[in-house]
Structures are given as structure tokens and as C-alpha cells.
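Peer 1: let me see the structure of the following:
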Amino acid sequence: MTRPVVYDVTRLVTRALNPTPNGIDRVDFILARHFLSGAGGVALAAAALGPRLAAAEAGLRSLTDIETYWNEFIDFGEDKIYERLVAALGAAPAGRTAPRIARRDWGVVPENWRAMRRWALRLGRPPSEAPPGAVFFNASQFPMHKEWHLRWLESRPDVRPVFFVADLLPLDAPEFFRPAERDKHRLVMGNIVRRAAGVVVASASVARRVREYAEEQGRKDLSVCVAGLPVAPAFERKALADPRLADTPYFVLCSTIEPRKNHMMLLNVWRELVEREGARTPKLVLVGKRGWHNQNVLAMLERCAALRPHVVEASGLSTPAMRRLLAGARAALAPSFAEGFGLPIAEAATSGAPIIASDIETFREIAANSLDYVDPLDGPGWRDAILAYCDADSPRRIAALRRLEGFPRRDAASFFRIIDEFLGAL
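Peer 2: The predicted model follows:
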């Protein structure tokens with residue numbers, strides 16, 4: 001690709017306040033590093049004076065600082081959250097609630113706030129001074145609902161705006177989101193449809209939905225590129241199961257606790273397992289922060305005595321520790337009602353964990369027949385699958401491990417090549 005890229009780091013620099021990355025953070029990071037490392041790359045961020053340009057080196061330094069705060073580069077043995085999690089999986093609970101393990105690095109937060117303030121108060125150059133013929137790329141959809149962040153494009157028709165769209169779920173399934181999200185996402189997609197020279201998505205199902213939405217808004221010529229997401233480099237390194245957990249059957253669900261991820265169904269399944277299996281009930285590890293509209297789930301975690309010995313909640317786990325946790329799991333669980341891609345599935349597959357997943361279109365597209373599919377509403381089906389996987393050598397689990405060998409791998413080089421060729425052709 002010969003076009004220089006102005007990469008929007010506005011959301012990315014705020015991630016200094018989050019102890020671990022989520023899916024869109026992963027996408028934002030790999031694209032930022034790719035484009036800011038390329039010839040002519042420039043960073044752009046919202047500041048007190050409006051959007052401002054910054055040298056690519058400033059953006060790259062922020063990436064490294066944030067990844068260091070996320071503990072992306074440590075050994076799993078240095079992760080205190082992981083060590084507490086291992087201890088919790090092997091111990092009888094002492095409190096009245098399911099164990100909750102969270103990272104709280106208050107000593108680091110002031111430093112991160114200072115880094116964010118440097119971006120917010122940056123004078124920099126106005127975006128009207130972007131390189132001639134550049135691509136403006138935003139991967140996070142933030143703050144695409146704010147017209148002032150994009151208005152500079154009107155004076156620079158030579159700059160080609162391109163956006164990564166994760167999904168349209170706030171519009172298509174608003175019941176899973178905060179009430180304001182639907183209107184906000186409508187503004188985001190309105191600006192994208194009106195201004196974009198092109199859109200990048202991670203799955204064909206999202207591409208189809210973007211084209212449908214654009215046509216509904218009167219835009220029939222929107223170019224859409226499908227580029228399957230690669231996993232973070234840390235997941236590509238082989239991890240071995242923790243021998244301390246060899247005699248502890250456990251399952252892992254990695255996601256924010258929010259309605260779309262279907263935690264409530266899974267907790268009800270676990271409560272039934274406790275009634276049937278008693279002390280033989282496997283452990284369930286919920287990895288992720290608490291999100292929204294989750295009062296019923298939190299009530300189960302905090303007040304259901306039956307779940308207390310068998311469910312552990314953990315947030316702030318480093319990527320190396322997450323890889324090791326997955327390597328020893330009986331299975332990774334993905335009971336979501338809807339997804340735009342499902343990066344945790346690819347991460348689990350790369351880590352060697354068999355996966356029991358919702359039978360939804362997106363998962364079928366990205367994983368083909370390599371997963372063990374169960375309808376997200378079929379509680380008994382999930383119960384039976386989990387029971388079958390409790391024995392590491394059960395026929396169903398062995399078959400799942402064999403199928404996992406056929407999981408479609410998506411490498412970073414192919415991902416960037418597809419996107420670079422798309423941008424070069426705009």
C-alpha cells in the first residue's frame with residue numbers, strides 16, 4: 001500500500017485505565033501498530049482543541065506503555081491474579097459469595113492518568129495538515145458519534161476515511177445493551193455510511209449487514225472488506241497446562257459479564273450440576289470484568305450458596321496467564337446469543353482448548369465444524385456437554401480435540417495484506 005495512514009488513537013490511549021484488553025482493544029492495537037509503523041504513518045487523537053495530529057512515535061510509545069501495564073510481556077508465574085486463581089480453584093471457599101479475584105493497581109493509575117492528560121492537552125497540528133492522499137482509519141468507532149471529530153474531512157476530500165465495524169448489534173439486538181447505545185450506534189453508523197470510502201469487517205455476516213444498512217440509508221456503493229482477525233502474538237506461543245490443576249476439572253468463559261454473553265443460563269446449568277453431582281461438580285472460571293444489566297447474574301454469584309464452591313470470578317488476568325489457564329481447561333465455553341466475530345474462540349483454539357459454543361451464524365462462519373455447537377437456549381444440552389467433558393479422555397472431548405485441528409487459522413500477515421490491498425485500491 002502506498003497511501004500514508006492517519007490512525008485514530010483516541011479510544012486506544014484511554015485503555016491505560018483498563019487492566020486488560022477486550023476484543024476491540026486487540027483489533028485497535030494490531031492495526032495501530034501496523035499503520036503507525038508504516039511509511040508516512042501519523043497518529044490522530046481527540047484533544048481539548050479538537051482532533052490533533054501527532055507523530056507516529058508518540059502513538060507507538062503509548063502502545064508499549066499500555067501493553068506493559070496490561071502485563072502482556074510477563075511470565076504467567078509473575079501474575080498475582082493467576083496465582084490467586086489457582087489457589088481459589090484448589091481451596092474450599094471461606095466467604096458467603098463465589099470467590100472474586102480482581103486486579104487493583106492503584107499505584108499505577110496516577111501515572112496512566114498523566115499519560116492520558118498529555119494526549120488530551122496536546123497542541124499538535126490540526127488534521128487539515130494530514131499527508132496528501134492519506135487514509136484516515138478508525139478501528140474503534142469512538143468517537144464516531146461526534147460530528148466535530150470528523151468535520152475536518154470536509155476540507156480534505158483527498159483523504160479517504162475507512163472504518164472498522166465490529167458489528168451492528170446495538171441496532172439489531174438492543175435488548176442486550178444500555179438504553180442509550182442504540183441511538184449512539186445509529187449516529188456512529190450514520191456518520192460511517194455518509195463519510196466512508198470503505199469499511200473493514202471481520203466476518204461475512206457483518207459485511208452483509210453493513211451493506212444492508214448502507215442501502216437502507218441510500219448508500220449503495222459502499223466498499224466493504226472482510227479480513228478475519230488474527231489472535232494476539234502471545235497466544236501463538238505454546239502453553240502447557242498447570243500441573244497444580246491436573247486433578248481439578250474446570251471450564252472457562254472469557255467475556256464481559258453482560259446479557260448478550262448468556263452467563264445466566266450457564267449459572268443455572270451449574271446450579272443443576274451441583275444438585276446432581278454434588279462435590280464432583282467441575283469448577284467454572286468466569287474471566288472478565290462486570291458490565292451492564294447484570295443484576296441477576298451478580299445476585300447468583302453473590303448470594304447462591306450452591307455455586308460458592310464451584311464458581312470463581314476473575315478479572316485482570318494477563319494474556320500469558322490466560323493462555324496457560326485455557327491450556328488446562330476441560331473446555332472453553334462460548335454461550336453467546338450474538339457476536340460480530342468472537343475473538344476469544346480463536347484465542348482458545350490457538351491455546352489448545354476444545355470449545356463448546358453457541359450454534360450461531362458467526363461462530364459457524366469463523367470456526368466451521370471445529371467446535372461443539374449447542375443452541376444458546378438449550379440449557380439441558382449445555383449441561384450434558386459439560387458433563388461429557390468432565391472426563392478429559394471422554395469420547396466427546398477427544399472428538400472435539402480432533403476437530404479443533406481443523407480450526408481455520410488466521411495469521412497477521414494475511415490480515416494486513418488484505419487490508420493494505422483494500423486501502424490501496426480505494
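Peer 1: regarding stretch 137-157, how distant is the last residue from the first?
Peer 2: 15 Å (C-alpha to C-alpha, to the nearest Å).
Peer 1: what sits up against that stretch?
Peer 2: 5-8, 10-12, 24, 27-28, 31-32, 35, 46, 50-51, 126-128, 130, 136, 159, 161-166, 184-185, 187-188, 191-192, 195, 200, 423 (C-beta atoms under 8 Å, 6 or more residues apart in numbering). Any C-beta I mention is one placed from the backbone N, CA and C, and that applies to glycine too.
Peer 1: and with 7 Å instead?
Peer 2: By C-beta atoms under 7 Å, 6 or more residues apart in numbering, the surrounding residues in contact with stretch 137-157 are 5, 7-8, 10-12, 24, 27-28, 31, 35, 46, 50-51, 127-128, 130, 136, 159, 161-165, 184, 187-188, 191-192, 195.
Peer 1: just the buried residues of those residues.
Peer 2: The neighbour-count test (16 or more other C-beta atoms under 10 Å) marks 5, 7-8, 10-12, 24, 27-28, 31, 35, 46, 51, 127, 130, 136, 159, 161-165, 184, 188, 191-192, 195 as buried among the contacts of stretch 137-157.
Peer 1: secondary structure element for the nearest residue to E272 once chain neighbours are set aside, which one?
Peer 2: Excluding its sequence neighbours, the residue lying closest to E272 (C-beta to C-beta, 6 or more residues apart in numbering) is R383, at 6.0 Å. Assigned by DSSP states H and E, R383 belongs to helix 379-389.
Peer 1: break down the stretch 301-426 of the chain into its helices, ranges please.
Peer 2: Under the criterion DSSP state H, counting those that start in this stretch, helices of the stretch 301-426 of the chain are mapped to 319-327, 343-351, 361-367, 379-389, 395-404, 412-425.
Peer 1: out of the ones you listed, nearest to R303?
Peer 2: Nearest of these to R303, taken as C-beta to C-beta: helix 379-389 at 20.4 Å.
Peer 1: now that closest one: mean pLDDT?
Peer 2: Taken as a whole, helix 379-389 has a mean pLDDT of 98.
Peer 1: just stretch 284-291 next, same as before
Peer 2: The average pLDDT for stretch 284-291 rounds to 94.
Peer 1: quick one: end-to-end distance for it.
Peer 2: By C-alpha to C-alpha, one end of stretch 284-291 lies 19 Å from the other end.
Peer 1: show me what that stretch is in contact with.
Peer 2: 250-258, 263, 270, 298, 310-315, 317, 322, 325.
Peer 1: ditto for stretch 14-33
Peer 2: Contacts for stretch 14-33 (C-beta under 7 Å, 6+ apart): 7, 9, 11-12, 59, 63, 66, 69-70, 103, 105, 109, 112, 115-116, 137, 139-140, 164, 166, 229, 232, 256, 316-317, 343, 412.
Peer 1: could you list the buried residues of that stretch?
Peer 2: 14-16, 19-33.
Peer 1: those residues in helices, which ones?
Peer 2: The helices, defined by DSSP state H, take in 23-33 from the buried residues of stretch 14-33.
Peer 1: mind listing what L426 touches?
Peer 2: 160, 197-198, 223.
Peer 1: among these, which ones are buried?
Peer 2: 160, 198.
Peer 1: in TSV: the contacts of L426, plus secondary structure, pLDDT and distance to A353.
Peer 2: TSV is the format used below for the contacts of L426 (DSSP: H, G, I helix; E, B strand; the rest coil; pLDDT from 0 to 100; distance: C-beta to C-beta, whole Å):
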residue	secondary structure	pLDDT	distance to A353
R160	strand	98	40
A197	coil	98	39
G198	strand	98	35
S223	strand	98	37
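Peer 1: closest to L89 out of the contacts of L426?
Peer 2: Distance to L89, by C-beta to C-beta, is smallest for G198 among the contacts of L426, at 46.3 Å.
Peer 1: check contacts around that closest one.
Peer 2: Contact analysis of G198 by C-beta under 7 Å, 6+ apart lists 162, 223, 225, 422, 426.
Peer 1: apply 6 Å and report the result again.
Peer 2: Counting by C-beta atoms under 6 Å, 6 or more residues apart in numbering, G198 makes contact with 162, 223, 426.
Peer 1: number of nearby residues for L301?
Peer 2: 23 (other C-beta atoms under 10 Å).
Peer 1: could you tell me the per-residue confidence at it?
Peer 2: Per-residue pLDDT puts L301 at 94.
Peer 1: count of neighbours near F363?
Peer 2: Burial of F363 is recorded as 22 neighbouring residues (other C-beta under 10 Å).
Peer 1: just the pLDDT at it, thanks.
Peer 2: Per-residue pLDDT puts F363 at 97.
Peer 1: how about V210?
Peer 2: Looking at V210, the pLDDT reads 98.
Peer 1: do the same with the one 3 residues further on
Peer 2: pLDDT, Y213: 98.
Peer 1: quick check: it vs D183, distance?
Peer 2: Distance from Y213 to D183, counting by C-beta to C-beta, to the nearest Å: 15 Å.
Peer 1: which one of these two is surrounded by more residues?
Peer 2: Neighbours were counted for Y213 and for D183 using other C-beta under 10 Å; Y213 has more, 20 against 13.
Peer 1: now do whichever strand or helix holds that one: which elements does it pack against?
Peer 2: Element membership of Y213, judged by DSSP H and E, is helix 204-216. Here helix 204-216 touches strand 223-226, helix 361-367, going by 3 or more C-beta pairs under 6 Å, 6 or more residues apart in numbering; DSSP states H and E.
Peer 1: any chance of these in TSV, with distance to A204 too?
Peer 2: Putting the helices and strands packed on helix 204-216 into TSV (distance: least, C-beta to C-beta, whole Å) gives the following:
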stretch	distance to A204
strand 223-226	6
helix 361-367	6
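Peer 1: burial-wise, tell me which of those comes out on top.
Peer 2: Highest mean neighbour count among those (mean count of other C-beta atoms under 10 Å): helix 361-367, with a mean of 20.
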